[in-house]
Structure formats: C-alpha cells, structure tokens
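Participant: please find the sequence and the predicted model below.
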Amino acid sequence: MNDQLRRDIRKSFDEAAGDEEHFPSSIDPRIQHVQVLLRHFAPVDNHRILDVGCGKGRYARVILERNPSARLTGLDISERMLQSVPAGINRVSGIMSELPFPDGAFDGVYATESLEHAVDIERAVSEMCRILRPGGKLAIIDKNAEHWGKLKTPEWERWFNRRELEKLLSRHCRSVRSEPISYWEDVAPDGLFLVWLAEK
Ligand SMILES: C[S@@+](CC[C@H](N)C(=O)[O-])C[C@H]1O[C@@H](n2cnc3c(N)ncnc32)[C@H](O)[C@@H]1O
C-alpha cells in the first residue's frame, strides 16, 4: 500500500470513529459472528489473541468478558478507533500487512470486516498466519464477492469469494474451511457474510 493510500484510509476511519451507528463499540453476543469466534477459539484459557483491524474492539470486549484469563490485543490503522477499545485489551497502532509482532506470537488471530480494507490482501493473510503459532487458530469474517454492489464501498475495499481466500489461507494453514454466516441463529444466511476458519 502506498503512503498516500495509507493516509487516506487512516483519515477515513479516524472520521468514521465518531459514527457510533455504523461503527459501534459493542455487539450483541448472540450474533452468530460473535458465536462462531467464541466456538472456534474455545478453550481460550490464558491464550494470546489478536483482533486485526479491531475498530473499537467490540468483538475483543465480548471474548474478554467470556474469558477473563485471555490476553487480548487489538490492532488498528486508526488511532481514533483504538481510543474506544476497552481497558484490559492491549492496543496497537499498525497496519495488517506489516504486523509488528514476532513469528508465532499468538494462539489465536481474527479479522472481522477488516481484511476487506487491507489492500495488500495476500500480504495481510501471510502476516496473520506468520504471527500465529503452529496449532494456533485463525478466523476471518468478511463479505462475499458474489454480493459485490449490495452496499456502498470505498474505492480500496475488496470482497472475497470462498475458494479464493481458502486458497490463500491453505498456503500457510493445514486445515481451512469456510461457510456462509447469518446474524441470528434462527435466520438462514443470505450469503452476504462468510466466515473462514483455519488452523495452522
Ligand atoms: C469495518 S471496520 C471493522 C472494525 C471491527 N473489526 C469490527 O468488526 O467492529 C474496519 C476496521 O479496519 C481498520 N483498518 C482498515 N484498514 C486497515 C489496515 N490496513 N490495517 C489495520 N486496520 C485497518 C479500520 O480502521 C476499521 O477500524
């Protein structure tokens, strides 16, 4: 990503941080996007877990509430988003295609609706897998390329199809799968959101 685009993306999300309606700081734990992460990372115990592109840390907040022994870190390009991350979660300013952590530093890594903004997608996937320890787990929730055009998007945003991201993840992880995901348990997925689950 060039410096100008990096500045533009940061500025856009710094401004968006004031928009609590579209960039909320909390999430209903019954939402399937939360439930799938809780299931995938269990048992969390005192695991080190990284939320990549954490925004205001709404997912990390729930994971920590449910697993007080977990050691959570949230990384985001936007300092203003990071200011809303709850106490008890380590905050790191950075970009997901150059993660400032050593190899194998985390037991779990996830990215919810943030990989779509990474621009250097292959590099971001490779970085997320690099900082995961062997046997560690990774989850990505993002939008389905088959539904592109359904929502207004900034020019840098990308959506993914299942096989494309499965293939990228398979370069680094031994088990990879994906599935459509809905918000609510009793509502069938409409296909807009997908979750990719992997183990290194
Ligand atoms: C749609 S928000 C999602 C936030 C959070 N994951 C959630 O679900 O509440 C996308 C987030 O990704 C962050 N972001 C965008 N590009 C990034 C990059 N290259 N590296 C790290 N964070 C990035 C934005 O600042 C923003 O907080």
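Facilitator: In hand now; what should we look at?

Participant: what is the rounded mean pLDDT of stretch 75-85?
Facilitator: Per-residue pLDDT values over stretch 75-85 give a mean of 98.

Participant: same question, stretch 36-52
Facilitator: On average, stretch 36-52 scores 96.

Participant: which residues sit against that stretch?
Facilitator: Defining contact as Cβ atoms under 8 Å, 6 or more residues apart in numbering, one finds that stretch 36-52 is touched by 29, 57, 59-60, 62-63, 66-67, 69-75, 89, 96, 99, 101, 105-112, 114-115, 124, 128, 131, 137, 139, 141, 181, 195, 197. Glycine gets a C-beta too; all of them are placed from N, C-alpha and C.

Participant: give me the number of residues near the residue lying closest to residue 154 once chain neighbours are set aside?
Facilitator: Spatial nearest neighbour of residue 154, chain neighbours left out: residue 12 (6.4 Å); criterion: Cβ to Cβ, 6 or more residues apart in numbering. For residue 12, the neighbour count with other Cβ atoms under 10 Å is 14.

Participant: can you give me the pLDDT of residue 12?
Facilitator: Model confidence at residue 12 (pLDDT) stands at 98.

Participant: would you confirm that it contacts residue 153?
Facilitator: No - shown here, residue 12 and residue 153 do not form a contact pair, counting by Cβ atoms under 8 Å, at 11.6 Å.

Participant: what parts of this protein come near the ligand?
Facilitator: 9, 13, 53-55, 58-59, 76-78, 81, 95-96, 112-114, 117-118 (Cβ under 6 Å from any ligand atom).

Participant: among those, name the buried ones.
Facilitator: 9, 13, 53-55, 58-59, 76-78, 81, 95-96, 112-114, 117-118 (16 or more other Cβ atoms under 10 Å).
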